[in-house]
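Undergrad: Sequence and predicted structure are below.
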Amino acid sequence: MEDDACGSWKDGPCEKPALWSGAYIGIFAGGGSGNVDITDVYEYDSKDPIAKNSINSAFATAGVQIGYNVQRDNFVFGVEAGLGLMNLNGSVTDDDLRPDGSNWNEDAWGVRDDHDPISATYDFSGNLYGELTGRVGYTNGNELFYVKGGAAFVNANLDAHYSGNNYCTTHGYNSWCDNASNYSTFDFGKSDTLLGWTLGIGLEYALSNSLSLKAEYQHFDFGSISFDHNGTVQFHETTTTAISTLTGNVDADVTLDVVKVGLNYKLQD
């Protein structure tokens, strides 16, 4: 690949600039899968200590990046910042929320005394995300093999909707309560910016001194989004007020695996 910066042979010896050195900007697009592992430590009317569920969802992504490389012989060192959008959305419903693998316990009269029936639907979404990484690569000319790693963030939202048998139904007071057939419902949620880390590998190919194509795989670990919840629902008996209560903590660990392709334009030759 010729470099005009060297001019004519009449100008004498000329050392060509390193192909991969310099600042660049670019765009990328791709897709991936997200995994959200949810741990719900809760009590519904003083029972049901813990439950676990997972959300697995595919998504598309696109964004921009900017970076700077320094080439030393066959080695390339750089830093890169990226900002992207993704349409990560997923949900899971547990129709019989209870500890993993647990069974009903019954008293001598056949009444299930360790578990008040309640279901939960968890909805997770992620949109804006970004990263700041370092890159180390090896080139044999137009091809650059590299690894990268650094910090990352994502804007995320987690909602939890619960629906359970009310106090009257659970304790056999149907005929004594108003609206005894209604369920006790609770809604909680949280939006947060999660900070985490990312590691990836990639291959970039120089089409010219200014343009290059890249293909990349990255793993993101954003830690967890969590919130405490505390809610009550009242039902009226003939003589008093019956109350259903739900308290606890939801913690969701968020990881992503992303494959993307991109185009970079070097700002200087």
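TA: Right, received. Where do you want to start? Everything numeric here is computed off the predicted structure, so don't read it as measured data.
Undergrad: From now on I want contacts and neighbour counts done on CA atoms only, so please keep to that.
TA: Will do.
Undergrad: what pLDDT, on average, does stretch 67-76 get?
TA: Mean per-residue pLDDT for stretch 67-76: 95.
Undergrad: Surely Ser57 is in contact with Ser33?
TA: Yes - at 5.6 Å, Ser57 and Ser33 qualify as touching, with contact defined as C-alpha atoms under 8 Å.
Undergrad: Can you list the low-confidence ranges for this protein?
TA: 1-17, 45-49, 96, 98-117, 166-182, 234-242, 269 (pLDDT under 70).
Undergrad: could you pull out the helices for it?
TA: With helices called from DSSP state H, the chain shows them at 167-170.
Undergrad: Let me see the ranges of the strands in it.
TA: Along the chain, the segments classed as strands by DSSP state E run 22-44, 51-72, 75-94, 118-139, 143-164, 184-206, 211-236, 241-266.
Undergrad: Dump the ones you listed into CSV; add mean neighbour count as well.
TA: Output for those, formatted as CSV (neighbours: other C-alpha atoms under 10 Å):
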stretch, mean neighbour count
strand 22-44, 19
strand 51-72, 18
strand 75-94, 18
strand 118-139, 19
strand 143-164, 20
strand 184-206, 18
strand 211-236, 18
strand 241-266, 19
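Undergrad: isn't Ile27 right up against Tyr265?
TA: No - counting by C-alpha under 8 Å, Ile27 does not reach Tyr265; the two are 9.1 Å apart.
Undergrad: which residues sit in contact with Asp221?
TA: Going by C-alpha atoms under 8 Å, 6 or more residues apart in numbering, Asp221 touches Gly196, Trp197, Thr198, Val254, Thr255, Leu256.
Undergrad: Hmm, Phe77 and Val70 touching each other?
TA: Yes - using C-alpha under 8 Å, Val70 is in contact with Phe77, at 5.3 Å.
Undergrad: Asp37 and Asn89, how far apart?
TA: Applying C-alpha to C-alpha, to the nearest Å, the value for Asp37 to Asn89 is 14 Å.
Undergrad: just Ala29 next, same as before
TA: Taking C-alpha to C-alpha, one finds Ala29 at 18 Å from Asn89.
Undergrad: what's the answer for Val254, then?
TA: When Val254 is compared with Asn89 (using C-alpha to C-alpha), they lie 12 Å apart.
Undergrad: swap in Asn53?
TA: 16 Å.
Undergrad: Please apply the same query to Leu199.
TA: To Asn89, Leu199 is 23 Å away according to C-alpha to C-alpha.
Undergrad: what does Leu19 give?
TA: Leu19 sits 41 Å away from Asn89, going by C-alpha to C-alpha.
Undergrad: Also Thr121?
TA: 13 Å.
Undergrad: and if you look at Val259?
TA: Counting by C-alpha to C-alpha - Val259 and Asn89 are separated by 18 Å.
Undergrad: What of Ser224?
TA: 16 Å.
Undergrad: which residues touch Gly223?
TA: Leu194, Leu195, Gly196, Asp253, Val254, Thr255.
Undergrad: Equivalent analysis for Glu143, please.
TA: Leu203, Glu204, Tyr205, Ala206.
Undergrad: need the residues you listed in TSV with distance to Thr245, can you?
TA: What follows is the contacts of Glu143, written out as TSV (distance: C-alpha to C-alpha, whole Å):
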residue	distance to Thr245
Leu203	55
Glu204	56
Tyr205	60
Ala206	62
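Undergrad: from these, which two are the most distant?
TA: Using C-alpha to C-alpha, the two most remote members of those are Leu203 and Ala206, lying 10.2 Å apart.
Undergrad: Test my guess that Gly164 contacts Thr232.
TA: No - checked against C-alpha under 8 Å, the pair Gly164 and Thr232 is beyond contact range at 11.6 Å.
Undergrad: Looking at the contacts of Asp221, spot the one nearest Asp187.
TA: The shortest approach to Asp187 among those belongs to Val254, at 21.1 Å (C-alpha to C-alpha).
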